[in-house]
Structures are given as structure tokens and as C-alpha cells.
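Undergrad: just coords:
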């Protein structure tokens with residue numbers, strides 16, 4: 001079963017990009033945390049952010 005879960009705003013304010021240590025933005029539709037500086041999108045699976053660079057999707061220019 002796939003759930004469309006909301007990411008807690010308090011959790012989002014605490015998380016930073018593991019590569020750049022910079023801020024992340026929440027893409028609700030894609031269920032990803034996006035690091036514009038690293039050009040990576042980290043997936044959110046079952047409400048849990050997967051903050052591993054190897055699991056991130058590279059963003060195009």
C-alpha cells in the first residue's frame with residue numbers, strides 16, 4: 001500500500017543535505033527532499049527521508 005504522507009515541518013527544519021550541509025526543500029508531489037546546491041533529490045519512503053547520497057536522484061540542469 002502506498003501512502004501519501006506529509007512530512008512534519010519540524011523535521012524538515014532540522015534536516016540538511018548530507019553532501020552540502022545546506023537547506024532542503026520538500027517536493028510534496030514527488031515525495032522527495034531537494035538539495036538545489038548538490039542538485040540531488042532524496043526520496044521519502046513510507047514517511048521516512050532516505051538521506052543517503054547513493055539513494056538520491058541527480059537533478060538535471
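TA: It's in. Note that the structure is a prediction, hence the values are computed from the model and not measured.
Undergrad: Could I get the full set of helices for the protein?
TA: 9-14 (DSSP state H).
Undergrad: Quickly run through the sheet partners of the lengthiest strand in it, with directions.
TA: Ranked by residue count under DSSP state E, the longest strand found in the chain is strand 40-45. Looking at strand 40-45 with DSSP bridges, its partner strands are strand 32-35 (antiparallel), strand 48-49 (antiparallel), strand 57-58 (antiparallel).
Undergrad: Next one: residue 34 from residue 57, what distance?
TA: 9 Å (CB to CB, to the nearest Å). Just so you know, the C-beta spots here come from the backbone N, C-alpha and C atoms, and that holds for glycine as well.
Undergrad: overlap in contacts of these two?
TA: By CB atoms under 8 Å, 6 or more residues apart in numbering, residue 34 and residue 57 have these common neighbours: 40-41.
Undergrad: ok, these two, which is more surrounded?
TA: residue 34 (19 against 13; other CB atoms under 10 Å).
Undergrad: dump the residue contacts of that one.
TA: 24-27, 40-42, 59.
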